[in-house]
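Visitor: let's see this in three dimensions:
(chains A and B)
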Amino acid sequence: MACKTCELFDSGHRACGGCGAALAARLVTKAAGTETIVVSSTGCMEVFSTPYPETAWKVPWIHSLFENAAAVASGIEASLKKQGRKEKVVIMAGDGATFDIGMVCISGAFERGHDFTYICYDNEAYMNTGIQRSGATPYDASTTTSPAGSCSFGNKRPKKDMPQILAAHGAPYVATASIAYPADLMQKVEKAINTKGPCYVQVHAPCCTGWGFEGEQTIAISKLAIETGLWVNYEMVDGTVTKVKKVVRKPVEEYLKTQKRFRHLFKPKRQDAEIAAIQTIADRNAVKYGIDIQLKKE
Amino acid sequence: MMQMTEGSHAVAEAVRLCRPQVISAYPITPQTHIVEALADFVANCKLDAEYITVDSELSALSACVGASAAGSRTYSATTSQGLALMNEVCFNAAGMRLPIVMSIANRAMGAPLSIWNDMQDSISMRDAGWLQFYSEDNQEATDLHFIAYKVAEDHSIQLPALVCFDGFILSHTYEPVDILSQDDADRYLPKFAPAERLDAADPISFGMYATPEYYLEFRYEMDRAQKRAKEVIAKAGKEFGTLFGRDYSALIEGYKIEDAETAIVAMGSICGTVKDAIDEMRADGKKVGLVKIRVFRPFPTEEIAKMLAHVKRVAVLDKNISLGSKGATALEVRDALYGTDGVSVKGYVLGLGGRDVRKRDIKAIVSLCEKGVGDQFYGLRQEVL
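Guide: Next comes the predicted model:
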């Protein structure tokens, strides 16, 4: 049961100031409440929250490996079921652990239909190892393994559509959320936890260090991702999109220019074709999810 | 009750009697019959366990990690490539001190792909922190599961355990095996009472990361637990003997070793062949004996040094090879006998990938050892080299 006044992810952890993932952990644990067991994958959150002998987690917490959180959670769920216990199992894993290295374990666990909630805090690259591209890295983002250079605009591929992949597994509830909208995020997490079966919530969690912006801009930048249509907040129930956050869209440029990872699109010279290609991604999102608010003509 | 049964089914019966609460396993030859039998038990309400049909061995052992951390007795089984795929989880489960028990139907490692027996799979896992038991026959393979749980779950140990038995040679062979009754099994193995578990009523963190200020001590504590396990195994093995008449208190067993001039050291099903060969060599006047290693981790270094102190020479049989070095057992035995005057230790790598080892091979190895020839592969087909 949710506990909005609880602080189950304690202060004093080692995250950067303005860390989107740390805020996600705080909000997710509030939404999940005390009767929760959290499973983390290896990554920033695991490292900044549990340097032995200290832990930021006030709920039972386990980290095993990078790629196996979904399988560990499967075992916990089976174990609790066998013992007749009622705690909820919540996974908190980064995008590298989710989109890439954990895919086999995730696919197996979702297909088997375990009762757990998988939260992916998506900061769009391998941040813990120093900002390498993952399957969640957006088109043209410069990372240390997809650097922009004299013959490259950075990451060559768009984000993998994980929510659709997991919806295709028959997940009863799949949602995307953003730390910029905490009430919406918590509501979705609560809904996922209270839906029987494997549920997935992908949380946009900007990383000031990896994306290149000042820590106080985290919320503003997450909002811009939604306002430009590059991130869409929606819910899917049994594979059907049931709810979408609508916006009066801004040009993608307003989002891109706030972050160093897209700086090469503006300096030393403006790359109009690339910016237009990213605008096309946002436009397609807008059509696919119907996010545009139609303003009445005066 | 004595039953004529396949090795895998005897092991599955033992596992059933140990009452695992969560089973998570993935099919792989020659382990498959065990997990099929367990699935059948669950399907027919002969075993009240959650049975997770995972997507890979990686997930199989990972699910056991979660299930064990949440406080359930857990079980898995695998072999060869499957164990290799679990490698990372094996280290992790031991580091988190989770008393998972896993059966290994020993099989060679590819490439080249081979489904047949040797011990390269589990021997390659020797540094992961798991207790390792090896079985000579199906009775031992069966009984060792009870002992493995008892020792692994002991609060002074809290380490996972492998129970190894030779693929096909034991797993697919019918032998008479005495299967305990459920009452006897329960009398020997109490319900799992974890020292710590994931529990909302008492939240703790499992699997935190350790800086250089702490990591060394974590490894030291694991090694201490391994060493403590010698005594706990002895106690658990003795109790088993007292209750059921089969004493497993010794980590090693001698066969006609007391007056032996040449000692053979071996593990697993090959020990039966060695014993027969020894009987024949004894009849010919050769003083040969066997030291059978039942527990490879913790390694019975002192026990071996003591049992072999009086022999002239030792022939160590290894169904594994640390390529570029020697067989793992030969290295350990040489270490055990270091400083013992007058004992020559020679290693023989043999039987890899299911190559048969016959009595005449054992006799030939003893002859080689008597001539001081060893530290080599035995039984190579020169014509294909």
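Visitor: so does stretch B:211-221 get close to chain A?
Guide: Yes - Stretch B:211-221 lies within reach of chain A by CB under 8 Å from any CB of the partner chain, at B:211, B:214. Glycine gets a C-beta too; all of them are placed from N, C-alpha and C.
Visitor: tell me the mean pLDDT for that stretch?
Guide: Here stretch B:211-221 scores 98 as its mean pLDDT.
Visitor: swap in stretch A:97-115?
Guide: Averaged over stretch A:97-115, pLDDT sits at 98.
Visitor: give the buried residues for it.
Guide: Neighbour counts over stretch A:97-115 (16 or more other CB atoms under 10 Å in any protein chain shown) mark A:97-110, A:112, A:114-115 as buried.
Visitor: can you give me the strands for the stretch 1-150 of chain A?
Guide: For the stretch 1-150 of chain A, the strands defined by DSSP state E, counting those that start in this stretch occupy A:36-40, A:61-63, A:88-94, A:117-122, A:148-149.
Visitor: okay, now the domains of chain B?
Guide: Residue ranges for each domain of chain B read B:2-244, B:252-384, as given by automatic domain parsing.
Visitor: want to throw the strands of the stretch 1-150 of chain A into a markdown table with mean neighbour count?
Guide: Below are these laid out as a markdown table (neighbours: other CB atoms under 10 Å in any protein chain shown):
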| stretch | mean neighbour count |
| --- | --- |
| strand A:36-40 | 29 |
| strand A:61-63 | 27 |
| strand A:88-94 | 28 |
| strand A:117-122 | 29 |
| strand A:148-149 | 15 |
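Visitor: would you turn those into a markdown table with distance to chain B?
Guide: Shown next, in a markdown table, are the strands of the stretch 1-150 of chain A (distance: least, CB to the nearest CB, whole Å):
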| stretch | distance to chain B |
| --- | --- |
| strand A:36-40 | 5 |
| strand A:61-63 | 4 |
| strand A:88-94 | 8 |
| strand A:117-122 | 14 |
| strand A:148-149 | 32 |
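Visitor: for the ones you listed, give me JSON lines that also has distance to residue B:195.
Guide: Compiled in JSON lines, the strands of the stretch 1-150 of chain A are given as follows (distance: least, CB to CB, whole Å):
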{"stretch": "strand A:36-40", "distance to residue B:195": "18"}
{"stretch": "strand A:61-63", "distance to residue B:195": "15"}
{"stretch": "strand A:88-94", "distance to residue B:195": "22"}
{"stretch": "strand A:117-122", "distance to residue B:195": "28"}
{"stretch": "strand A:148-149", "distance to residue B:195": "52"}
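Visitor: residue B:259: which of these is closest?
Guide: Closest approach to residue B:259 among the strands of the stretch 1-150 of chain A (CB to CB): strand A:61-63, 54.7 Å.
Visitor: where's residue A:176, which helix or strand?
Guide: Element membership for residue A:176 (DSSP states H and E) is strand A:173-178.
Visitor: what stretches of the stretch 1-150 of chain A score poorly on pLDDT?
Guide: Low-confidence regions of the stretch 1-150 of chain A, defined here as pLDDT under 70, do not occur.
Visitor: ranges for the helices of it?
Guide: With helices called from DSSP state H, counting those that start in this stretch, the stretch 1-150 of chain A shows them at A:20-32, A:44-49, A:69-83, A:95, A:103-112.
Visitor: just send the ones you listed back as TSV, with distance to residue B:280 too.
Guide: Shown next, in TSV, are the helices of the stretch 1-150 of chain A (distance: least, CB to CB, whole Å):
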stretch	distance to residue B:280
helix A:20-32	69
helix A:44-49	60
helix A:69-83	50
helix A:95	65
helix A:103-112	52
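Visitor: hmm, back to that, the buried residues of stretch A:97-115: which ones sit near chain B?
Guide: Okay, of these touching chain B (CB under 8 Å from any CB), that's A:104, A:105, A:107, A:108, A:109, A:112.
Visitor: what about residue A:263, how many residues nearby?
Guide: Neighbour count of residue A:263, defined by other CB atoms under 10 Å in any protein chain shown: 16.
Visitor: quick check: it is in a helix.
Guide: Yes - according to DSSP: H, G, I helix; E, B strand; the rest coil, residue A:263 belongs to a helix.
Visitor: is it true that it touches residue A:269?
Guide: No - using CB atoms under 8 Å, residue A:263 is not in contact with residue A:269, being 11.8 Å away.
Visitor: could I get the average pLDDT for stretch B:9-18?
Guide: Per-residue pLDDT values over stretch B:9-18 give a mean of 98.
Visitor: for the stretch 151-300 of chain B, what lies in contact range of chain A?
Guide: Proximity of the stretch 151-300 of chain B to chain A (CB under 8 Å from any CB) is limited to residues B:198-200, B:202-211, B:214.
Visitor: circling back to that earlier point, to residue A:61, which of the helices of the stretch 1-150 of chain A lies closest?
Guide: Of the helices of the stretch 1-150 of chain A, nearest to residue A:61 by CB to CB is helix A:44-49, at 8.0 Å.
Visitor: can you tell me what sits against that closest one?
Guide: Contact partners of helix A:44-49, identified using CB atoms under 8 Å, 6 or more residues apart in numbering or on different chains, comprise A:9, A:13-15, A:19, A:21-22, A:25, A:40, A:55-57, A:63, A:92, A:94, A:121, A:123, A:127-128, A:207, B:209.
Visitor: residue A:27 against residue A:190, yeah?
Guide: No - if you go by CB under 8 Å, residue A:27 and residue A:190 don't touch, sitting 10.7 Å apart.
Visitor: between the two, point out the one with more neighbours.
Guide: Using other CB under 10 Å, the more surrounded residue of residue A:27 and residue A:190 is residue A:27, with 22 against 19.
Visitor: show me the contacts for the more buried one.
Guide: Residue A:27 is in contact with A:179, A:182, A:185, A:186, A:189, counting by CB under 8 Å, 6+ apart.
Visitor: what's the answer for residue B:29, then?
Guide: Going by CB under 8 Å, 6+ apart, residue B:29 touches B:79, B:107, B:115, B:167.
Visitor: let's see it at 7 Å
Guide: Taking CB atoms under 7 Å, 6 or more residues apart in numbering or on different chains, we find residue B:29 in contact with residue B:115.
Visitor: in which helix or strand would I find it?
Guide: Counting by DSSP H and E, residue B:29 is found in no helix or strand.
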